[in-house]
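> could you work out the structure for the sequence below:
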Amino acid sequence: MIARDPRWDGRFFTGVTSTGIYCRPICPARTPKAANMRFFASAAGAEEAGFRACLRCRPETAPELEAWRGTSNTVSRALALIEQGALDGGDVGALAGRLGVGERHLRRLFRKHLGAAPVSVAQTRRVLLAKQLIHDSDLPMAEVALASGFGSVRRFNETFQHLYGRPPAALRRRRAGERSADAPIVLSLAVREPYDWPAILAALQAHGERVAAGVWLRSFDEAEGAGEVAVVPRGPGHLEARFRIDRLSGLPGVLARVRRVLDLAADPDAIAADLARDPALAPLVAARPGLRVVGDWDQPDAPASDRLPDPTDDVLIARAESWRPWRGYALAHLAAAAIDPLTIFPETRHDRAA
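Numbering: from 1, shown residues only. Predicted structure coming up:
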C-alpha cells in the first residue's frame, strides 16, 4: 500500500473503516492506519460490505483481473453471463440453471472467490460503469442510467444517493458540453501490461475481423442493439473504445463482448507463472509475456483461454492437462514460435505407438 505498486492494481481493494471508502492499491491518498484497513478480492465485496468507491483513484478504471480463473470455471462463466445482463432481467436461480449448478452452490462459489453475492457483483458492475460514464462522457444522466444497465432513472438516482450520499450529477467534476446525437461514446479500457497489441490485431485478422491502421473495427447487430465499435491503444495500460449503438441499454452487453474478444481480464503474471513450469514453454512465455488469446464475440460462457482445437490429438490432450487452465495460451505461444505442439513431446507419441 505504501509503495503504491501498480503490479497489485486490480488484484485487491482496500476498505478504510474510518472513511467508509474503498480504494485501489495505487491510490494517491495518504495511506491509512493498518487498524483501519480491510481487504477485498473484488470491488463488489467492498461495496457489499458498505464501502463506497474512492473518487480519487476511481476503482472503475482498475484493470479487471481474473487471477482466480483457474480455480473456478463456473464463476468465470457466470461472470461472463452477468456481463451480458443475465441478472438484469433474471434471478440467480435462472443463472445457476444455465450453468448447470445449484443456486446455493453458485452463491457459495461467489463468496469464496469474489467475497460477494452474484446480485452484488451485477450491481457493482452497473455502478462502476455508470461512474465511468459520468466522469468520462458527456452523456446526460438519464442516458448514463440506460447505458450502464439500470432499469430506470429512479433506480439509478436512488442507488447513487444510497452509496455516495449525493445525486449522480454531483459526481461529474466537469461541465458536460453539447453532445451531438451521432457522437460516439468513448471509454478507456484498462489492461494489465504487458499487452501485445500487434499480436492481438494479427489474431483478429486471422479470425476474419476488420483491422485498419492499427485499429480494430467491428460492426454488430445483436440483441443488445446495432452499431459499431473501434478500439485503439491510448498509452500504457489503456485502450480507447469508441461505441456507436442505437440502443444505449445495450452498451454493457456490447462492452462485455469487447472485453472478452480482447482478453482484457487476463492476468499475465499468473499465466506466465503456471506455464513456465513446463520446460518447453518457459522460454516462449519469457520471450512473449504480452501474448493474449482472442476470445469469441458470440460465446460468453466458453472462455478461449483454456480451449483446445477440435479435433485434438490424444497425445496433445494428455500433455495439455498440465497447462490447465491456460491451454489456449500455451498453444498461442507455440503457434507464435512456429512450433508444432506434437513435436515437443515425441517420446510420448513413441510410447503410445509401442
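> what sits against residue 160?
Residues counted as contacts of residue 160 (C-beta atoms under 8 Å, 6 or more residues apart in numbering) are 127, 130, 166-168, 171. Just so you know, the C-beta spots here come from the backbone N, C-alpha and C atoms, and that holds for glycine as well.
> just the buried ones from those residues?
For these, a burial check counting by 16 or more other C-beta atoms under 10 Å picks out 127, 130, 168, 171.
> can you report how many residues lie near the nearest residue to residue 243 once chain neighbours are set aside?
Here the nearest residue to residue 243 in space, its sequence neighbours aside, is residue 185; by C-beta to C-beta, 6 or more residues apart in numbering that works out to 4.5 Å. Other residues within reach of residue 185 by the criterion other C-beta atoms under 10 Å amount to 23.
> now residue 185: phi and psi?
Per-residue torsions, residue 185: phi -90, psi 120 (degrees, to the nearest 10).
> hmm, it is touching residue 148, no?
No - under the criterion of C-beta atoms under 8 Å, residue 185 is not in contact with residue 148, lying 10.9 Å apart.
> what is in contact with these two at once?
133, 251.
> circling back to that earlier point, from the buried ones among the contacts of residue 160, pick the one nearest residue 321.
residue 127 (39.8 Å; C-beta to C-beta).
> wait, what's in contact with the closest one?
47, 53, 148, 159-160, 163.
> now for these, which pair is the farthest apart?
Checking these against each other with C-beta to C-beta, the farthest-apart pair comes out as 47 and 148, at 14.6 Å.
> just the ones of the contacts of residue 127 in helices?
The subset of those located in helices under the criterion DSSP state H comprises 47, 159-160, 163.
> and those residues, which is closest to residue 312?
Taking C-beta to C-beta as the measure, residue 47 is the one of the ones in helices among the contacts of residue 127 closest to residue 312, at 41.7 Å.
> pLDDT score assigned to the residue most central in space within the chain?
Of all residues in the chain, the one closest to the mean position by C-alpha atoms, centre = their mean is residue 265, 3.8 Å from it. Confidence at residue 265, expressed as pLDDT, is 86.
> can you verify my assumption that it contacts residue 259?
Yes - counting by C-beta under 8 Å, residue 265 touches residue 259, with 6.6 Å between them.
> where do the contact lists of the two overlap?
By C-beta under 8 Å, 6+ apart, residue 265 and residue 259 have these common neighbours: residue 64.
> contacts only, for residue 195.
Taking C-beta under 8 Å, 6+ apart as the definition of contact, the neighbours of residue 195 are 237, 268, 290, 292.
> just those: which are in helices?
Among these, the members falling in helices are residue 268 (criterion: DSSP H).
> out of the contacts of residue 195, who has the most neighbours?
In terms of neighbour count, residue 292 stands highest of those at 26 neighbours, by other C-beta under 10 Å.
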